[in-house]
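[1] below is the structure, and that's it, no one-letter string:
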């Protein structure tokens, strides 16, 4: 069966998440503007369709500010910019998103984050209710609709901002989370449901659950998969590179790195830890899926490891299940970006993700 087209994105290490050896800081790889700009431009030259610009309060530099700075430097590739619901008043967030889209000539996509705000944690249910309200307000305003909203977190009546997106509607909204509350928000309000690495049977089950939830809500949902990659000419070289990546990491340092993230106690992060605990003695949970990266990273905690044919086959297996967007990364990000662009990307049927209504 031919592999359906997929969007292939790279990752910009805005949150101080770039290493030659995991857990060993390198000043040259800190999330400076210059370094992260170079990652964006390298990914564009390599042929990637999009790049994720993540957001973290205590880590690195701001995603929206950075996106505005690199917008005039990029020409073709989309930017997937992470924003945290609750950090900004929704009408102003809509205005900010529209302005960014104008700077990018319509190449903006948005990763919606629902983690705790810095210094103000709240329980999961109200946190996702806040996200739901924010999402609906922002989407309506970006679609050019006036909004009257009377909710638990927001009470407002307002016209859309004077500036709109290039298309006149909200950009694609990517969103992830495994708790029941998160799945409900994704099914009812997101365009792309993002997941972290899991074995293929678990991915298939999760896709089935989310398709059913979206159908119940009268919607269609796309699916994205966030995973690291380590690709070399041979499988042995790739496995050696994986071992070298964690060769200077001690458990105490890894635990401290994980706890820096605001989402370190989420259901999704706990799932990544369970997967790591179930892996074999070399850290593999299934063929070519290595969990060692999760020893020093909150969130996405596994990598596809192998030669070009093995990495390609793994990605195509996910695509056959229904994944339409991949967000990839590797350490260091400049070097692994080049390797993936050389060995795997030309073999993939890929291009920017299009909304469902445009594919029919």
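    Happy to help now that I have it. Quantities reported herein were computed from a predicted structural model and do not represent experimental measurements. Residues are numbered from 1 along each chain as shown.
[2] quick check: residue 312 vs residue 343, distance?
    Distance from residue 312 to residue 343, counting by Cβ to Cβ, to the nearest Å: 8 Å. Bear in mind the C-beta positions are built from the backbone N, C-alpha and C, glycine included.
[3] could you pull up phi and psi at the closest residue to residue 146 other than its chain neighbours?
    Closest residue to residue 146 apart from its sequence neighbours, by Cβ to Cβ, 6 or more residues apart in numbering: residue 159 at 4.8 Å. Dihedral pair for residue 159: phi -80, psi 160, per degrees, to the nearest 10.
[4] likewise residue 171?
    phi -70, psi 170.
[5] could you do residue 97 as well?
    Dihedral angles (degrees, to the nearest 10) for residue 97: phi -60, psi -40.
[6] my read: residue 157 touches residue 148, true?
    Yes - using Cβ atoms under 8 Å, residue 157 is in contact with residue 148, at 4.7 Å.
[7] show me the contacts for the closest residue to residue 74 other than its chain neighbours.
    Of all residues not flanking residue 74 in the chain, residue 44 sits nearest, at 5.4 Å (Cβ to Cβ, 6+ apart). By Cβ atoms under 8 Å, 6 or more residues apart in numbering, the contact list for residue 44 reads 51, 74-77.
[8] surely residue 126 and residue 152 touch.
    Yes - with contact defined as Cβ under 8 Å, residue 126 reaches residue 152; the gap is 7.2 Å.
[9] on that earlier part again, need the next SSE after the helix or strand harbouring the residue nearest to residue 74, C-terminal direction.
    Element membership of residue 44 [criterion: DSSP states H and E] is helix 33-46. Counting by DSSP H and E, the next helix or strand C-terminal to helix 33-46 is strand 50-53.
[10] how about residues contacting that next one?
    Counting by Cβ under 8 Å, 6+ apart, 7-12, 14, 39-40, 43-44, 63, 66-67, 77-82, 109, 111, 226, 325, 327, 352-353 sit against strand 50-53.
[11] in strands only, show me the residues you listed.
    7-11, 78-82, 109, 111, 226, 325, 327 (DSSP state E).
[12] out of the residues you listed, who has the most neighbours?
    For the ones in strands among the contacts of strand 50-53, the largest number of neighbours (other Cβ atoms under 10 Å) sits with residue 80, at 32 neighbours.
[13] was I right about that residue contacting residue 109?
    Yes - Residue 80 sits in contact with residue 109 when judged by Cβ under 8 Å, with a separation of 4.6 Å.
[14] now do the same contact list for residue 203.
    Residues in contact with residue 203 (Cβ under 8 Å, 6+ apart) are 195, 225, 318, 321, 323.
[15] return the subset of those residues lying in strands.
    195, 225.
[16] so the helix holding residue 44 versus strand 7-11, what angle?
    If you take axes from the mean of the first three to the mean of the last three Cα atoms, to 10 degrees, helix 33-46 sits at 160 degrees to strand 7-11.
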